[in-house]
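> need a 3D model of the sequence below.
(one chain, ligands or ions: 1)
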Amino acid sequence: MPTPHPRPYASVLDTIGQTPLIQLGRVGAGIRTPVYGKAEYANPGGSVKDRIGLAIIEAAERDGTLKPGGTIVEGTSGNTGVGLAIAAALKGYRCIFTMPDKMSQEKVRLLKAYGAEVVITPTAVPPDHPENYVMKAKQITHDTPGAILANQFYNQVNPEAHVATTGPEIWEQTSGKVTHFVAGAGTGGTVSGVAKYLKAQNPAIVVIAGDPIGSLYTEYHRTRITGTNGAPYKVEGIGGDKAPTTVWWDLIDEFRQVSDRDAMAMARRLAREEGILVGASAGVNVHLALELARTLDDPNACVVTILCDTGERYLSKVFNDEWLQENQLLEAPRRTVRDLLARRQGEAPSLVQVAPAAAVRQALNLMNTWNVSQLPVLDGDRCVGALVEGALMQIALDQPALLDRPVREVMDPPLPEVEAGWGVERVAPLLTRETPAALVRDGGALVGIVSRYDLLQVMIAR
Ligand SMILES: Cc1ncc(COP(=O)(O)O)c(C=O)c1O
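The predicted structure follows:
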């Protein structure tokens, strides 16, 4: 196999782009349509934004707005900052970045590591507020001699960088077989630029943009009206509350929304199942790409998506259980009836039961011995009735003669049955004051009983 890097590079700038395309066969197991992720985290700055950082600086040099010793200013959630900072470091420019305070601390430190200056602004201000990070960047550009605003949300060099590089790479790496492209839109540069290139090769290629729930892009794409009912979300780097001109809206066939919870869960699965550590925007992309692939159910289709940036940037968030829990983003581990029975091992036999012909006295004795308040009446493997302690005691007190009668004469209707593999949440609605327990079958055999009390124990233990 020829080495992909046969000769040394003149500088790190020459190593931007030409990222690998990787099949996501583990998270996509069982789905017939192949799904590939473009490993943009493999860029030297760890994200897709290295591509536009370099392109924007070189375009400004060409058009004369950026001169030696000049300053590059940008409102950036981090990754564009890194892309710009890398190119600026090699070319000798100063960088000043503004960033909303919801962004990871890691991202701030990272920009400073490349020698950039960072100005933090409040997240919770309207887009036209002077303290909004984009407005702040404009002000700094205005106040700093020799400064240019990279302007990633309006600078057409951004999507054009993807027309020139990301799009052709995907076309080539799939030998022109790509049929669907999925990518979340932040500035929209990636999804738009790739869409333009791919559709020029094959107009049938479908392009879907991912969007976090709470962003206004999906609604804007449908109505061309900028809504006002956006909501906060935790996925970083994509979505928005304006309509940037770097999204080429007409080239995108559809916007689809993904919840923070699904995005984070997929980012975590990618690390554990594919060994690919990426942020939650890649989680959005892969979640959508797999959903699409499943629906297509076509081995001849080819879905490509973007693995936007490295997950090392989110170790204190996406990969931190406490943070996920605080934000109600952690899936509670699914507890099954089987787990519940296992918790009880070592106590009473898992199924205390009585035969229909046994005497009521015997049933009361069993309840007393094992401290259970309900008893299934089993005829072989079949539940034919049930005894509930309170009611049975009342009968015995009212009519002591019944103590020696068979339980079949006094029993209540049989208990419902559940499967051991069911989640406990599925059992809860079946259990009522009148039906306080259910029998559990595992592989066809009766293996135990779960009561309202047992369920409550696991629910309060979480
Ligand atoms: C982590 C992350 N993912 C995805 C994107 C989206 O890329 P684009 O701005 O090209 O739409 C960004 C953009 O800032 C990002 O930071």
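> and the residue in the chain that the ligand sits nearest to, what's its pLDDT?
In the chain, no residue comes nearer to the ligand than residue 237, which is 2.4 Å away by Cβ to the nearest ligand atom. C-beta: built from backbone N, CA, C; applies to glycine. On pLDDT, residue 237 comes in at 91.
> counting neighbours, what do you get for it?
By other Cβ atoms under 10 Å, 27 other residues sit near residue 237.
> my guess is it contacts residue 186, does it?
Yes - contact between residue 237 and residue 186 holds when scored by Cβ atoms under 8 Å: they sit 5.0 Å apart.
> hang on, residue 303 packs against residue 180?
Yes - if you go by Cβ under 8 Å, residue 303 and residue 180 touch, sitting 4.5 Å apart.
> three-state assignment of the residue nearest the centre of the chain?
Nearest to the centroid of the C-alpha atoms of the chain, with distances taken as Cα atoms, centre = their mean, sits residue 263, at 1.6 Å. What DSSP: H, G, I helix; E, B strand; the rest coil gives for residue 263 is helix.
> where exactly do the helices run in the stretch 151-300 of the chain?
Counting by DSSP state H, counting those that start in this stretch, residue ranges of the helices within the stretch 151-300 of the chain are 157-161, 167-173, 189-201, 217-223, 260-269, 280-296.
> can you lay out the ones you listed as a markdown table showing mean pLDDT?
Output for these, formatted as a markdown table (pLDDT from 0 to 100):
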| stretch | mean pLDDT |
| --- | --- |
| helix 157-161 | 98 |
| helix 167-173 | 98 |
| helix 189-201 | 98 |
| helix 217-223 | 98 |
| helix 260-269 | 97 |
| helix 280-296 | 98 |
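> so which residues on this structure come close to the ligand?
Counting by Cβ under 6 Å from any ligand atom, the chain comes close to the ligand at 48-49, 77, 79-80, 184-191, 236-238, 279, 281, 308-309.
> among the residues you listed, which lie within strands?
Those of the residues of the chain next to the ligand mapping onto strands are residue 184, per DSSP state E.
> just the buried residues out of the residues of the chain next to the ligand, in ChimeraX syntax.
Per 16 or more other Cβ atoms under 10 Å, the buried members of these correspond to this ChimeraX selection:
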select :48,49,77,79,80,184,185,186,187,188,189,190,191,236,237,238,279,281,308,309
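> just the strands from the stretch 101-250 of the chain, written as ranges.
Ranges of strands in the stretch 101-250 of the chain, per DSSP state E, counting those that start in this stretch, are 117-121, 147-149, 180-184, 206-212.
> return the most buried member of those strands.
Between the strands of the stretch 101-250 of the chain, strand 180-184 has the highest mean count of neighbours, a mean of 29, where neighbours are mean count of other Cβ atoms under 10 Å.
> and that strand with helix 260-269, angle?
Direction vectors for strand 180-184 and helix 260-269, defined by axes from the mean of the first three to the mean of the last three Cα atoms, to 10 degrees, enclose an angle of 110 degrees.
> what does strand 180-184 rub up against?
170, 190-191, 194-195, 198, 205-212, 235, 237-239, 281, 284-285, 288-289, 292, 296, 301-306, 308 (Cβ atoms under 8 Å, 6 or more residues apart in numbering).
> who does it pair up with?
Partner strands for strand 180-184, per DSSP bridges, with pairing direction: strand 206-212 (parallel), strand 303-307 (parallel).
> with just CA atoms, put that strand into PDB.
As requested, the backbone C-alpha atoms of strand 180-184 are provided in PDB (Å, rounded to 0.1, in the frame of the first residue of the first chain):
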ATOM      1  CA  HIS A 180     -26.200  11.000   0.400                       C
ATOM      2  CA  PHE A 181     -24.200  13.600   2.300                       C
ATOM      3  CA  VAL A 182     -25.100  14.600   5.900                       C
ATOM      4  CA  ALA A 183     -23.500  17.400   7.900                       C
ATOM      5  CA  GLY A 184     -24.600  19.700  10.700                       C
END
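> starting at the chain centroid, how far to that strand?
Taking Cα atoms, centre = their mean, to the nearest Å, one finds strand 180-184 lying 16 Å from the centre of the chain it belongs to.
> stretch 207-222 now?
On Cα atoms, centre = their mean, the centre of stretch 207-222 falls 16 Å from the chain's centre.
> for stretch 213-228, same thing?
Taking Cα atoms, centre = their mean, the mean C-alpha location of stretch 213-228 is offset from the chain mean by 21 Å.
> next, the buried residues of that stretch.
In terms of neighbour count (16+ other Cβ under 10 Å), stretch 213-228 has its buried residues at 213, 214, 215, 216, 217, 218, 219, 220, 221.
> the residue nearest to the centre of the chain contacts residue 288, correct?
No - in this structure residue 263 lies outside contact range of residue 288 using Cβ under 8 Å: 9.5 Å.
> so residue 309 sits against residue 237, correct?
Yes - here residue 309 lies in contact with residue 237, judged by Cβ under 8 Å, at a distance of 7.1 Å.
> give me the buried positions along stretch 159-179.
For stretch 159-179, the buried set under the neighbour-count rule, 16+ other Cβ under 10 Å, comprises 159-163, 165-171, 173-174, 178-179.
> still on that earlier bit, the strands of the stretch 101-250 of the chain: which one's closest to residue 450?
Residue 450 sits nearest to strand 206-212 of all the strands of the stretch 101-250 of the chain, at 38.8 Å, using Cβ to Cβ.
> list of residues touching that closest one?
With Cβ under 8 Å, 6+ apart as the contact definition, strand 206-212 has outside contacts at 179-185, 188, 191, 194-195, 198-199, 217-218, 221, 233-235, 238-239, 247, 251-260, 263, 281, 284-285, 287-288, 292.
> what do residue 309 and residue 237 both touch?
When contacts are counted by Cβ under 8 Å, 6+ apart, residue 309 and residue 237 have 79, 279, 281 as shared neighbours.
> follow-up on the earlier one: excluding chain neighbours, give the residue nearest to the residue of the chain closest to the ligand in space.
For residue 237, ignoring the flanking residues on the chain, the nearest one in space by Cβ to Cβ, 6 or more residues apart in numbering is residue 281 at 4.6 Å.
> which residues touch the one you found?
Residue 281 sits in contact with 184, 186, 210, 235, 236, 237, 238, 263, 308, 309, where contact means Cβ under 8 Å, 6+ apart.
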